[in-house]
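Q: I would like to see how this sequence folds:
(2 chains)
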There are 2 protein chains.
Amino acid sequence: MLSPPPRERGHMTGRDLDEVVSTVRQRVTPSEEERRRLQRTADELISEAEAAMDDLGIEADVIQVGSTARGTWVSGDRDIDVFVRFDPDRPRAELERCGLEIGKRVLPDGREEYAEHPYVTGQRDGFDVDLVPCYRVESATEIESAVDRTPFHNEYLAARITADVADDVRLFKQFLKGIRAYGSDLRTRGFSGYLSELLVLEYGGFEAVLDAASDWHPPVRLDPEDHGTTTFDDPLVVIDPTDPERNVAAVVAAENVARLQHHARAFLADPTESRFFAEEPDSLSKRAVRNHLERRDTTPLAVRFQPPDIVEDQLYPQLRRSLDGLHTGLDQHGFEVLRGTVLADTTAVLFVELSVASRPAVERHEGPPVHVGEHAEEFLSKYAETNAYGPFIDADRYVVERERSVTTAREFVEERLFEVSLGAQVETALAEDYDVLTGADVASLAPEFGTELARYFNPTA
Amino acid sequence: MLSPPPRERGHMTGRDLDEVVSTVRQRVTPSEEERRRLQRTADELISEAEAAMDDLGIEADVIQVGSTARGTWVSGDRDIDVFVRFDPDRPRAELERCGLEIGKRVLPDGREEYAEHPYVTGQRDGFDVDLVPCYRVESATEIESAVDRTPFHNEYLAARITADVADDVRLFKQFLKGIRAYGSDLRTRGFSGYLSELLVLEYGGFEAVLDAASDWHPPVRLDPEDHGTTTFDDPLVVIDPTDPERNVAAVVAAENVARLQHHARAFLADPTESRFFAEEPDSLSKRAVRNHLERRDTTPLAVRFQPPDIVEDQLYPQLRRSLDGLHTGLDQHGFEVLRGTVLADTTAVLFVELSVASRPAVERHEGPPVHVGEHAEEFLSKYAETNAYGPFIDADRYVVERERSVTTAREFVEERLFEVSLGAQVETALAEDYDVLTGADVASLAPEFGTELARYFNPTA
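A: Now for the predicted structure:
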């Protein structure tokens, strides 16, 4: 379960922490060989993109961005980001068309993806390459799409990240990976690479970030360039040095802020390498799932369906919204939810564990206070002819015990699922078809989602 | 179930109502013969009390009080109240001793009862007689015990209640009986005779009271002598004409105020004799109880014990307090109560019907927000070594799923009953011994409490 509680910092010696950090630093720093190989590939990609532009008669410039451009990548990361910058006067349709054409020439086996506009993603020499068209705007506040901002980030950091800072950035990124809080994708809702670099710059180093995070009292607001013009509701606010109106940490979930705080404290109190390197839990077998459910004595319920054909950044928010809707709907009908999660792979699942899965045939329904004449009359007429118990008077109100429309959570999910608030494309997918699994049948999720279920049934900070 | 909803008053003709009222008036007005017999007995009792006083050398005066003294009793009522008034200088112990001695002479087969101080109650010629000692104080504000007030009430009303008013008082009392709201005993918590008479005097007649009650918006405050000096929290406040600091309606439960309002409206809209004469429901058989429970699909639970040897006015408030405590305790442990009631005869019962009677083996327990360092540390230490799930982080907090201490309502009642707030003597009685009945076993209450259960399972306004 959970790592030991944080102890007084005075208990540990500086050497422990230094030793651990130094060992990890060696593991995360790319070797000269790795750097050379990566740079060679990046240079090739840029040359080929330029050649393709010449060939196609396209005017633009090509730059490398991201952590591999700034030397802040963690050894083993394999992302090369190449941006093709077009004049902002170019119509968007033309940018998209040209961008894709260049992308396909450079990465003939690549595939088209779509963020705010299309780009090409593929493989080269074992690296994952994104070839992205954008506009060369004057400043980050004039961007037309989110990718136009990236070159500004790159420029800002490149001017400030020294080799020492890059070392600490790698440590911090690895720490975030170890605690499962790294990545601004909408499945993780964690810390982006850019955000990690800004935090290390702001506090001055890896340990300094952990020290600061240990004492954070969210909401936390940082503004490196002291130019922020907007307030945000997020638990962590880091004003973008290249855009006074943007919170770089907008995507970071409260849970990930808390996780960083927890692990920062725990690590400073008891530095271990293992905190940098999260191990995947062993996948649960069907039998293990059944054992957990038996021990917990809850009623599990899974809604399983074919996920809509959308990217993860669209899928996960919709799954979460759907789970929230299901949770609320179940609670409102008296089926108390203990916990739940979303699962997605070749199938998608809204999974909840219920504390209360069935209800009596009747439910209490309060009417108006007896003294409110006109409402009282309506209420009495409404229930006089039904088979409800009452109306009777309890304290100063009319009350009936009327027949419940649904008496089991399963029935609710089978018959009333579309009354709850669902993500739009998830709703469409569910409208096609879905299975409802309850009780021990839920164990049949184990082959596909054993790892996720291991994490669910062994929750840690 | 419920009588038909009130209709527009315009729908009924005055004659309907007048006819109904006139028929009921005949039924509730004591015949000359009844009056004569009652007065003869009362006169005898007074003479005998006076003779006993002479005999014992006790100085006091004897008066008849209550509705039979004022001619406002409902035909068939059989209560004669005789008060023996002592000089207020007499020590209380002497008053009590002398009062009982006179009482025992007049009612040799009577028995001692105890309200605020002891009195004798017994039978004579088929009438129920209370022989009560009190002090002859100067005014109702100087009373030493509640009974000292009665002669003032008697005097106030005697001066104001004409034969016509007495007629309407009887109608109103009978109406309150019919809707089960008559009686200031602490089982009923309804309208006392004195309160009924004051209301008829205040509004000017039986129909006028119903008209007014139809439109009440509690809290309602009446002050016939316009001398009230205190505010009260009760839904109905009628300042005692003989005591500016007292609410005559203090004992009336909100439910009974509401019940009067409901039935006043319903009667005025559709006058029927039946509303004056509540029929006892047929006692439920065991099978009928089981059928109700099956239809409702709730989990019934009864705590059955030997009632403490106290009067009903002490017993019912304690039973209700105990039921409230049980209700709260069950709810707090996740065992949701749909409804409940108290039953008392040769045994006493706290009865609840549960919507949720069992819970999983684990329960969610929220810890502090992660950023509150010192509390977080305590929480983590506390749960690190237990077999709880977690601690894990949910939003900005630590959470564990820990083992529940009780997982069924039955277990709660068997093992934790004395953790809930119970009436003092009920608690003592429960400490002696109690049974817990659940499920179909609850039907075994039917022989003793069939009528009460009939009312419970067929609740009406």
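
Q: Now do the helices in the stretch 1-150 of chain A.
A: With DSSP state H, counting those that start in this stretch as the definition, the stretch 1-150 of chain A shows helices at residue ranges A:14-28, A:32-56, A:67-70, A:92-106, A:150-158.

Q: Single out the most deeply packed of the ones you listed.
A: helix A:67-70 (a mean of 22; mean count of other CB atoms under 10 Å in any protein chain shown). All C-beta spots, glycine's among them, are computed from the backbone N, C-alpha and C.

Q: Which elements pack onto that one?
A: Helices and strands touching helix A:67-70, by 3 or more CB pairs under 8 Å, 6 or more residues apart in numbering or on different chains; DSSP states H and E, are helix A:32-56, strand A:79-86, helix A:150-158, helix A:193-203.

Q: so which of the ones you listed gets nearest chain B?
A: helix A:193-203 (16.5 Å; CB to the nearest CB).

Q: ok, the helix or strand just after that closest one near chain B or not?
A: Following helix A:193-203 in sequence order, the next helix or strand is helix A:206-215 (DSSP states H and E). Yes. Contact of helix A:206-215 with chain B (CB under 8 Å from any CB of the partner chain) involves A:Ser214, A:Asp215.

Q: Next up, the contacts around A:Gly329.
A: By CB atoms under 8 Å, 6 or more residues apart in numbering or on different chains, the contact set of A:Gly329 is A:Phe412, A:Arg416, A:Leu417, A:Glu419, A:Val420.

Q: Pipe these into TSV and attach secondary structure per row.
A: Below are the contacts of A:Gly329 laid out as TSV (DSSP: H, G, I helix; E, B strand; the rest coil):
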residue	secondary structure
A:Phe412	helix
A:Arg416	coil
A:Leu417	helix
A:Glu419	helix
A:Val420	coil
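
Q: ok, now how distant is A:Arg97 from chain B?
A: Applying CB to the nearest CB, to the nearest Å, the value for A:Arg97 to chain B is 44 Å.

Q: Please tell me how far that residue sits from A:Pro91.
A: Distance, A:Arg97 to A:Pro91, using CB to CB, to the nearest Å: 10 Å.

Q: How about A:Arg455?
A: In terms of CB to CB, A:Arg455 sits 47 Å off from A:Pro91.

Q: same check, this time on A:Val165
A: 40 Å.

Q: Looking at those two, which one has more neighbours?
A: Neighbour totals were compared for A:Val165 and A:Pro91, and A:Val165 leads with 20 against 9 (other CB atoms under 10 Å in any protein chain shown).

Q: quick one: that one is in a helix?
A: Yes. Judged by three-state DSSP, A:Val165 forms part of a helix.

Q: doesn't A:Tyr203 make contact with it?
A: No. At 10.9 Å, A:Val165 does not count as touching A:Tyr203 under the criterion of CB atoms under 8 Å.

Q: average pLDDT across stretch A:209-219?
A: Mean pLDDT, computed over stretch A:209-219, is 97.

Q: Run the chain-centre distance for that stretch.
A: How far stretch A:209-219 lies from its chain's middle: 21 Å, per CA atoms, centre = their mean, to the nearest Å.

Q: next one: stretch A:216-226
A: 21 Å.

Q: Could you pull out the buried residues of that stretch?
A: A:Trp216, A:Pro218, A:Val220, A:Leu222, A:Pro224 (16 or more other CB atoms under 10 Å in any protein chain shown).

Q: For the residue lying closest to the fourth one once chain neighbours are set aside, what are phi and psi?
A: If you skip the residues right next to it in sequence, A:Leu222 has A:Val238 as its closest partner in space, 4.7 Å away by CB to CB, 6 or more residues apart in numbering or on different chains. The phi and psi torsions at A:Val238 (degrees, to the nearest 10) take the values phi -120, psi 110.

Q: show me the contacts for A:Val238.
A: Listed by CB under 8 Å, 6+ apart, the contact set of A:Val238 reads A:Leu195, A:Leu198, A:Leu199, A:Glu202, A:Arg221, A:Leu222, A:Asp223, A:Pro224, A:Asn247, A:Val248, A:Ala249.

Q: same thing but 7 Å
A: Counting by CB atoms under 7 Å, 6 or more residues apart in numbering or on different chains, A:Val238 touches A:Leu195, A:Leu198, A:Leu222, A:Asn247, A:Val248, A:Ala249.

Q: How about A:Val303?
A: Counting by CB under 7 Å, 6+ apart, A:Val303 has contacts A:Val349, A:Leu350, A:Val413, A:Tyr434, A:Val436.

Q: change it to 10 Å
A: Counting by CB atoms under 10 Å, 6 or more residues apart in numbering or on different chains, A:Val303 touches A:322-323, A:326, A:348-352, A:413-414, A:417, A:426, A:430, A:434-437.

Q: What helix or strand is it located in?
A: Counting by DSSP H and E, A:Val303 is part of strand A:299-305.

Q: now that strand, how far from the centre of its chain.
A: 22 Å.

Q: in the helix or strand that it is followed by, what counts as buried?
A: Counting by DSSP H and E, the next helix or strand C-terminal to strand A:299-305 is helix A:312-332. Neighbour counts over helix A:312-332 (16+ other CB under 10 Å) mark A:314-327, A:329-330 as buried.

Q: what's the angle between helix A:312-332 and strand A:299-305?
A: Angle of helix A:312-332 versus strand A:299-305, following axes from the mean of the first three to the mean of the last three CA atoms, to 10 degrees, is 140 degrees.

Q: helix or strand right after helix A:312-332?
A: As assigned by DSSP H and E, the chain's next helix or strand after helix A:312-332 is strand A:337-344.

Q: Between helix A:312-332 and that following strand, find me the angle.
A: 160 degrees.

Q: correct me, but A:Pro88 touches A:Ile143?
A: Yes. Contact criterion CB atoms under 10 Å: A:Pro88 and A:Ile143 qualify, at 9.5 Å.

Q: Quick check: neighbours shared by the two?
A: A:Cys134, A:Tyr135, A:Val137.

Q: Let me know the closest of the residues you listed to chain B.
A: Lowest distance from chain B to the shared contacts of A:Pro88 and A:Ile143 (CB to the nearest CB) belongs to A:Cys134, with 35.2 Å.

Q: Could you report the pLDDT at the closest one?
A: 93.

Q: Repeat that for A:Val106.
A: pLDDT, A:Val106: 94.

Q: what's the answer for A:Asn387, then?
A: On pLDDT, A:Asn387 comes in at 89.

Q: Check A:Glu8 too.
A: With respect to pLDDT, A:Glu8 has a value of 45.

Q: hang on, the earlier thing: distance to B:Val74 and mean pLDDT for the helices and strands packed on helix A:67-70 - can I get that in TSV?
A: Output for the helices and strands packed on helix A:67-70, formatted as TSV (distance: least, CB to CB, whole Å; pLDDT from 0 to 100):
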stretch	distance to B:Val74	mean pLDDT
helix A:32-56	102	94
strand A:79-86	93	94
helix A:150-158	91	93
helix A:193-203	83	97
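
Q: Nearest to A:Glu401, out of the ones you listed?
A: helix A:193-203 (54.5 Å; CB to CB).

Q: how far out from the middle of the chain is the closest one?
A: Per CA atoms, centre = their mean, the centroid offset for helix A:193-203 relative to its chain is 19 Å.

Q: That one and chain B, are they touching?
A: No. Judged by CB under 10 Å from any CB of the partner chain, helix A:193-203 makes no contact with chain B; its nearest approach is 16.5 Å.

Q: For that helix, output the C-alpha coordinates as PDB.
A: Taking Å, rounded to 0.1, in the frame of the first residue of the first chain, the C-alpha atoms of helix A:193-203 are listed here in PDB:
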ATOM      1  CA  GLY A 193       7.400  18.900 -19.900                       C
ATOM      2  CA  TYR A 194       7.100  22.700 -20.300                       C
ATOM      3  CA  LEU A 195       5.500  23.100 -16.900                       C
ATOM      4  CA  SER A 196       8.200  20.900 -15.300                       C
ATOM      5  CA  GLU A 197      10.900  23.000 -16.800                       C
ATOM      6  CA  LEU A 198       9.300  26.300 -15.600                       C
ATOM      7  CA  LEU A 199       8.900  24.900 -12.000                       C
ATOM      8  CA  VAL A 200      12.600  23.900 -11.900                       C
ATOM      9  CA  LEU A 201      13.600  27.400 -13.300                       C
ATOM     10  CA  GLU A 202      11.300  29.100 -10.900                       C
ATOM     11  CA  TYR A 203      12.500  27.400  -7.700                       C
END
